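S.K.: No sequence on hand, only this structure:
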């Protein structure tokens with residue numbers, strides 16, 4: 001059998017094609033590079049041509065680990081240079097087979113045509129006992145190697161409880177924001193599912209479990225209290241199970257009128273729909289623009305639900321602490337323009353709040369951003385004279401929805417308020433903002449990027465902000481899902497494969 005290599009073959013182009021095909025095969029299948037020496041692969045290569053019956057393994061390893069890895073890394077750097085802003089996610093994953101932690105840093109962006117893409121910038125290993133400055137150094141190296149400046153970073157989404165929160169500020173004075181999933185998980189575990197509350201629930205249901213009318217339900221609740229809640233999915237399942245059972249128990253023991261019971265069931269269902277929307281973020285790349293609306297909807301739905309609870313309800317105190325924590329978080333979101341501007345530029349949510357401050361912030365950013373060139377637009381002379389009737393615009397009713405579902409529960413609880421004031425900082429951009437506000441809003445289950453693809457040409461300047469503020473995902477856990485695949489690779493190889501195959505797909509195999 002004749003081994004081939006890029007340096008010795010008389011047909012380098014053919015060898016390159018074969019090597020690349022083999023590389024993509026082993027990388028996407030999570031196989032060790034030595035797999036190409038097996039009998040099935042040799043038979044496959046023999047079918048291509050006798051000269052290709054085997055591949056020189058050392059030459060192939062160099063091709064994959066050095067040549068192609070550096071090639072893909074170079075493509076990543078090239079794409080970063082094209083972006084005026086980068087939106088990062090950072091996630092630390094614990095390797096269950098060792099004391100190693102893995103840090104994955106990704107960039108998320110929107111193209112000129114509002115096509116979404118994400119690139120992995122770095123996969124790094126460090127010991128779980130390493131000091132925080134190790135993570136700092138990794139972040140610093142990524143920014144240095146890719147020539148990412150502080151001004152270029154729009155925001156970084158990270159787990160609020162990880163060491164990332166402690167080390168971000170010294171390295172990059174940027175907007176580091178909480179991952180929505182981790183934030184909600186933390187709130188649930190620190191309030192409703194706190195150890196103190198679980199202990200209280202168990203004691204109280206031990207006392208009443210012999211009541212014949214609620215014995216079965218009480219037993220189910222006691223079993224649910226023992227469910228493990230370690231990650232997001234198990235936390236969400238435990239919360240949802242307990243909340244539903246608690247509501248049913250309250251209805252059975254509350255001596256409610258049929259009207260009040262019907263209202264209680266409705267508000268209970270609304271609370272769960274809001275949390276279901278949050279859960280959807282775990283399995284999708286929902287936009288950062290959804291975080292504020294969902295937190296607001298959860299807060300309002302919990303408030304309405306608690307208003308129907310009797311004071312002596314077993315779960316009342318725990319649910320009140322849950323609502324209070326969401327209120328506190330919501331208040332912080334209301335003072336963060338990264339969230340508010342993203343919400344406004346998402347056509348699904350622009351009806352939520354008064355747009356006075358948001359207009360001012362966008363105009364101020366346009367005036368101070370060196371990379372923001374305002375494109376002239378006709379018919380802007382009368383922008384200053386334009387009259388906006390707050391009852392017709394800020395209180396505008398969103399598109400009518402025919403039935404209650406997860407896709408409309410947000411609009412049920414969110415509505416605009418406030419006066420509209422004129423601002424003369426930039427009549428061109430201001431006209432686009434007003435015109436954008438006049439467009440109909442989308443339903444929750446519609447795609448905001450499709451809207452911008454279709455109408456972005458009408459808002460040439462505002463589109464620049466939309467690409468920046470709609471690029472970040474709501475959660476960093478999208479990185480966590482990269483580890484869900486099997487394979488018997490050692491960790492360094494697995495991380496390199498994750499980097500390569502994720503970015504190969506991002507580049508549509510054009511690298």
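M.R.: Right, received. Where do you want to start? It should be emphasised that the depicted structure is a prediction, and the values quoted were computed from it without experimental measurement.

S.K.: In the stretch 351-500 of the chain, where is pLDDT below threshold?
M.R.: Scanning the stretch 351-500 of the chain for pLDDT under 70 picks out the ranges 353-355, 369-426, 477-489.

S.K.: if we go to 80?
M.R.: Counting by pLDDT under 80, the ranges of the stretch 351-500 of the chain that qualify are 352-356, 368-426, 477-491.

S.K.: So residue 352 sits against residue 293, correct?
M.R.: Yes - taking CB atoms under 8 Å as the definition, residue 352 is a contact partner of residue 293 at 6.0 Å. All C-beta atoms are positioned from the backbone trio N, CA, C, and that covers glycine.

S.K.: By mean pLDDT, which helix or strand of this protein comes out lowest?
M.R.: Lowest on mean pLDDT, DSSP states H and E among the helices and strands of the chain sits helix 409-413, with a mean of 57.

S.K.: Can you tell me the closest non-neighbouring residue to residue 155?
M.R.: residue 175 (4.0 Å; CB to CB, 6 or more residues apart in numbering).

S.K.: what sits against the one you found?
M.R.: With contacts defined as CB atoms under 8 Å, 6 or more residues apart in numbering, residue 175 is in contact with 153-156, 336, 338.

S.K.: Angles on the backbone of it, please.
M.R.: phi -80, psi 100 (degrees, to the nearest 10).

S.K.: and it, what pLDDT?
M.R.: Note for residue 175: predicted pLDDT of 82.

S.K.: Break the protein into its domains for me.
M.R.: According to automatic domain parsing, the chain comprises the domains 12-75, 83-178, 183-333, 350-469.

S.K.: Format those domains as TSV; extra columns: distance to residue 511.
M.R.: Below are the domains of the chain laid out as TSV (distance: least, CB to CB, whole Å):
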stretch	distance to residue 511
domain 12-75	5
domain 83-178	11
domain 183-333	22
domain 350-469	23
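
S.K.: which stretch among those comes nearest residue 498?
M.R.: For the domains of the chain, proximity to residue 498 was assessed by CB to CB; domain 83-178 is nearest, at 5.8 Å.

S.K.: re earlier: nearest to residue 99 among the contacts of residue 175?
M.R.: residue 156 (25.5 Å).

S.K.: Give me the three-state assignment for that closest one.
M.R.: strand (DSSP: H, G, I helix; E, B strand; the rest coil).

S.K.: Could you do residue 471 as well?
M.R.: coil.

S.K.: One more: residue 188?
M.R.: Going by three-state DSSP: residue 188 is helix.

S.K.: Burial check on it, number of neighbours?
M.R.: Each residue near residue 188 was counted by other CB atoms under 10 Å, and the total is 24.

S.K.: do the same with residue 47
M.R.: 9.

S.K.: To which secondary structure element is it assigned?
M.R.: Taking DSSP states H and E as the criterion, residue 47 maps to helix 39-48.

S.K.: Check which helices and strands that helix sits against.
M.R.: Contacting helix 39-48 under the criterion 3 or more CB pairs under 8 Å, 6 or more residues apart in numbering; DSSP states H and E are the following elements: helix 12-28.

S.K.: Next, the angle from the helix it packs on to helix 39-48.
M.R.: When axes from the mean of the first three to the mean of the last three CA atoms, to 10 degrees is applied, the directions of helix 12-28 and helix 39-48 differ by 150 degrees.

S.K.: For helix 12-28, enumerate the helices and strands it packs against.
M.R.: helix 39-48, helix 57-62, helix 491-506.

S.K.: Run a quick neighbour tally on residue 322.
M.R.: Using other CB under 10 Å, residue 322 has 26 other residues around it.

S.K.: how about the helix holding residue 47: buried residues?
M.R.: 41, 45 (16 or more other CB atoms under 10 Å).

S.K.: Verify the contact between residue 471 and residue 87 for me.
M.R.: Yes - here residue 471 reaches residue 87: they are 4.5 Å apart, a contact under CB under 8 Å.

S.K.: Between these two, which contacts overlap?
M.R.: The contact lists of residue 471 and residue 87 share 108-109, 154, where a contact means CB under 8 Å, 6+ apart.

S.K.: what's the closest of the residues you listed to residue 247?
M.R.: Lowest distance from residue 247 to these (CB to CB) belongs to residue 108, with 37.4 Å.

S.K.: Next, give phi and psi for the closest one.
M.R.: phi -130, psi 130.

S.K.: Could I get the contacting residues of it?
M.R.: Residue 108 touches 87-89, 116-118, 285, 471-473, counting by CB under 8 Å, 6+ apart.

S.K.: what about it, distance to residue 81?
M.R.: 16 Å (CB to CB, to the nearest Å).

S.K.: most surrounded residue in the contacts of residue 175?
M.R.: When neighbours are counted by other CB under 10 Å, residue 155 leads these with 24 neighbours.

S.K.: What is the helix or strand harbouring residue 277 packed up against?
M.R.: Residue 277 belongs to helix 258-280 when assigned by DSSP H and E. Here helix 258-280 touches helix 180-190, helix 232-253, helix 291-306, helix 409-413, going by 3+ CB pairs under 8 Å, 6+ apart.

S.K.: Can I get those helices in CSV including distance to residue 348?
M.R.: Output for these, formatted as CSV (distance: least, CB to CB, whole Å):
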stretch, distance to residue 348
helix 180-190, 16
helix 232-253, 23
helix 291-306, 8
helix 409-413, 8
